[in-house]
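Enquirer: coords below, sequence missing:
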């Protein structure tokens, strides 16, 4: 007596993506970790060369980190600042990737492409606003104290 197993839609939904072999769909796949690192660095260099905001972020990141060292922010504060700065960088990189995909997908001004670009840009803005607030919370009091504005 054989019983036929009914497909479980939830399990199929959860496991469907992991069954896809990217080599079947991608013209270029990385053959090793060194190549993967090279592609990642190429992407970072692209961002620094072609995206104005990334160059501004680079300067701001160095200034914030230098200021934090000058203010002698503790390791926990430095870790939070590094994490916060990294999140803004990541949002900017993902924003550029979304823009590139939208440009690749259509040369027309499509309303859904506008939504994708605007939402990705909003993610960067959200990260920047949060980073400014976090920076002020961590570095504001020591900066005011260092400038003798508070006792």
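Expert: That came in fine, so what should we check first? These figures come from a predicted structure and were not determined experimentally. Numbers count the residues shown, from 1 in each chain.
Enquirer: CA only for contacts and neighbour counts going forward, please
Expert: OK.
Enquirer: In terms of helix, strand or coil, where does residue 28 fall?
Expert: coil (DSSP: H, G, I helix; E, B strand; the rest coil).
Enquirer: With residue 14 as the reference, measure out to it.
Expert: As judged by CA to CA, to the nearest Å, residue 28 and residue 14 stand 26 Å apart.
Enquirer: for residue 38, same thing?
Expert: 32 Å.
Enquirer: Settle it for me: which of those two has more neighbours?
Expert: A direct count of neighbours by other CA atoms under 10 Å for residue 38 and residue 14 places residue 38 higher, at 12 against 9.
Enquirer: tell me which element the more buried one falls in.
Expert: Under DSSP states H and E, the secondary-structure element containing residue 38 is helix 33-50.
Enquirer: Mind giving me the packing neighbours of the helix or strand that that helix is followed by?
Expert: Next in sequence after helix 33-50, counting helices and strands by DSSP H and E, comes helix 52-70. In terms of contacts (3 or more CA pairs under 8 Å, 6 or more residues apart in numbering; DSSP states H and E), helix 52-70 is packed against helix 33-50, helix 75-105.
Enquirer: Could you report the neighbour count for the closest residue to residue 87 other than its chain neighbours?
Expert: Among residues not flanking residue 87 along the chain, residue 127 sits closest, at 6.7 Å (CA to CA, 6 or more residues apart in numbering). Applying other CA under 10 Å, we find 21 residues neighbouring residue 127.
Enquirer: and residue 138, how many neighbours does it have?
Expert: 19.
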